[in-house]
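**Q** Here is my input; please provide its structure:
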Amino acid sequence: MNSDGPRTSQMSSVTGDSEATISAFVNSIHPDFNIIISITAFSACLFTLFIVLFALSTKESRRRLVFRLNVSAICVVLTLSILAGFTNGRPIIDPSYQVPRSLFIATVAFLFFPPILFDSILLTRLFALYPPAITPLATLLKIFAFPFCVKCTRVAVITICLRDFISSGKTTEALIRDELTIWFRNPYLIAGWTVQIADNLYSVGLFLYNLHVRLRPIKNVGISMSGRIRQVFYISAANFVFPLIFNIALLFFVTTDHSPNTGILLVFINNYITVMGVLCATLWFSRLEWVRTHDEPLSGEMPSHALNLGRVSVIDRKAASDMVLMGARTVALNPEEDIEARAESTLHGKTRISIP
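**A** The predicted structure is shown next:
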């Protein structure tokens with residue numbers, strides 16, 4: 001009886017130590033596991049959209065700037081997925097493995113810099129309303145000076161933040177440990193995400209406002225056209241609302257949460273959501289162009305015959321898009337259309353409006 005007591009106590013101690021070890025291991029890999037699950041799901045969705053984008057693209061659309069920017073954005077995000085998968089996945093498989101410091105820094109750089117590129121893709125939609133070929137230089141400077149300065153500010157604050165982070169530790173373990181102190185109420189991160197909100201608000205707000213004002217004279221053109229206009233509004237608004245939600249959430253966590261785990265996960269998701277929003281807009285317009293290219297009927301398609309609307313007339317049926325006369329400026333309802341094609345020429349001294 002007395003000999004069984006120490007043995008039972010020893011077994012209980014071993015069991016307790018094993019449970020504590022397992023719990024400590026689970027807690028240590030939990031943040032990495034959340035990131036791996038998230039990037040796997042979003043990467044699968046993004047890769048599927050990437051294939052659909054090429055399937056719906058035409059030879060002409062693949063030569064456009066917006067298409068190339070979308071492909072570049074997808075490649076950047078998929079590269080981020082690979083880097084993050086190795087940086088966060090390897091410690092789960094081998095807890096004793098030390099991620100190289102250079103690889104860890106590259107992952108952080110790919111995490112924080114790409115949103116500037118993604119927002120620049122959204123900014124190109126303003127060229128649909130202000131084609132560089134026919135817009136005065138003074139007007140272009142007034143419109144694009146603010147977003148240019150804002151993006152330069154974002155690059156500067158992120159560069160300073162990344163420099164401070166790199167100099168905080170000589171090893172990967174030191175960098176991970178210093179994340180807790182660098183993350184909380186970091187003025188550069190707060191400034192960067194605040195400026196990003198202003199950047200997106202300006203780009204999307206100016207686009208929607210000008211689109212609304214310039215399309216007011218043709219609001220009764222037809223159900224098909226008005227439906228497309230509404231879809232342009234919805235897509236543009238969604239491309240601002242979803243990043244805005246994540247920016248506000250990031251600002252909340254960086255000012256209230258000492259641990260960066262939740263915030264870093266939101267930064268990852270924000271990258272994917274932003275690219276998917278821009279890509280979905282491109283896919284929508286690519287679908288219309290693909291159907292027209294293959295001469296297939298599309299539900300809700302505007303009739304091909306000219307509309308007799310007094311000052312408003314539909315022309316140029318041979319081109320892949322209908323052209324409408326209005327005022328003295330070209331307004332392209334297709335933000336993804338090639339800039340050179342939109343600003344191609346004027347008709348009898350008047351510019352034209354391009355409708356997908």
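**Q** make it CA atoms for all contacts and neighbour counts henceforth
**A** Fine.
**Q** Work out for me the element the residue lying closest to residue 244 once chain neighbours are set aside sits within.
**A** Spatial nearest neighbour of residue 244, excluding adjacent residues (C-alpha to C-alpha, 6 or more residues apart in numbering): residue 197 at 6.3 Å. If you go by DSSP states H and E, residue 197 is part of helix 187-215.
**Q** Which elements pack onto that helix?
**A** helix 114-123, helix 126-129, helix 137-167, helix 223-256 (3 or more C-alpha pairs under 8 Å, 6 or more residues apart in numbering; DSSP states H and E).
**Q** Let me see the contact set for residue 116.
**A** Applying C-alpha atoms under 8 Å, 6 or more residues apart in numbering, one finds that residue 116 lies in contact with 151, 154, 155.
**Q** redo that, cut-off 10 Å
**A** 150, 151, 152, 154, 155, 196, 199 (C-alpha atoms under 10 Å, 6 or more residues apart in numbering).
**Q** Now do the same contact list for the fourth one.
**A** Taking C-alpha under 10 Å, 6+ apart, we find residue 154 in contact with 113, 115-116, 148, 188-189, 191-196, 199.
**Q** Mind checking which of those residues are buried?
**A** Applying 16 or more other C-alpha atoms under 10 Å to those, the neighbour count classes 113, 115, 116, 188, 189, 192, 193, 194, 195, 196, 199 as buried.
**Q** Do I have it right that residue 82 meets residue 106?
**A** No - using C-alpha atoms under 10 Å, residue 82 is not in contact with residue 106, being 11.2 Å away.
**Q** the more surrounded of those two?
**A** Between residue 82 and residue 106, residue 82 has the larger neighbour count (other C-alpha atoms under 10 Å), namely 17 against 14.
**Q** Which other helices and strands does the host helix or strand of the more buried one contact?
**A** Secondary structure assignment for residue 82, by DSSP H and E: helix 65-93. Applying 3 or more C-alpha pairs under 10 Å, 6 or more residues apart in numbering; DSSP states H and E, one finds that helix 65-93 contacts helix 4-56, helix 101-112, helix 114-123, helix 261-293, helix 339-342.
**Q** pLDDT on the last one, on average?
**A** Read that as helix 339-342. Averaged across helix 339-342, the pLDDT comes to 41.
**Q** cool, and the third one?
**A** Across helix 114-123, pLDDT averages out at 84.
**Q** pLDDT value on the residue nearest to residue 91 when sequence neighbours are not counted, please?
**A** Distances taken as C-alpha to C-alpha, 6+ apart put residue 97 closest to residue 91, at 5.9 Å, once the chain neighbours are dropped. Residue 97 is assigned 83 on the pLDDT scale.
**Q** Surely residue 97 forms part of a strand?
**A** No - using DSSP: H, G, I helix; E, B strand; the rest coil, the assignment for residue 97 is coil, not a strand.
**Q** Report the two of the contacts of residue 116 separated the most.
**A** Checked with C-alpha to C-alpha, these reach their widest spread between 155 and 199, with 12.6 Å between them.
**Q** Format the buried ones among the contacts of residue 154 as TSV; extra columns: distance to residue 266.
**A** Output for the buried ones among the contacts of residue 154, formatted as TSV (distance: C-alpha to C-alpha, whole Å):
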residue	distance to residue 266
113	15
115	13
116	16
188	17
189	13
192	15
193	12
194	15
195	18
196	15
199	19
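**Q** wait, which of these is closest to residue 142?
**A** Within the buried ones among the contacts of residue 154, proximity to residue 142 (C-alpha to C-alpha) peaks at residue 199, which comes in at 14.8 Å.
**Q** ok, that closest one touching residue 151?
**A** Yes - contact between residue 199 and residue 151 holds when scored by C-alpha under 10 Å: they sit 7.6 Å apart.
**Q** how about low-confidence regions in the stretch 201-350 of the chain?
**A** Scanning the stretch 201-350 of the chain for pLDDT under 70 picks out 214-233, 281-350.
**Q** same question, the stretch 1-150 of the chain
**A** Ranges of the stretch 1-150 of the chain meeting pLDDT under 70: 1-16.
**Q** how does it look with 50?
**A** Within the stretch 1-150 of the chain, the ranges that satisfy pLDDT under 50 run 1.
**Q** Please work out how many residues are found near residue 109.
**A** Using other C-alpha under 10 Å, residue 109 has 15 neighbouring residues.
**Q** typo on my end, residue 278
**A** Neighbourhood size, residue 278 [other C-alpha under 10 Å]: 22.
**Q** so residue 246 sits right up against residue 273, yeah?
**A** Yes - using C-alpha under 10 Å, residue 246 is in contact with residue 273, at 9.3 Å.
**Q** Residues in contact with both of those two, list them for me.
**A** Common neighbours of residue 246 and residue 273 (C-alpha under 10 Å, 6+ apart) are residue 267.
**Q** I'm done for today, thanks for sticking with me.
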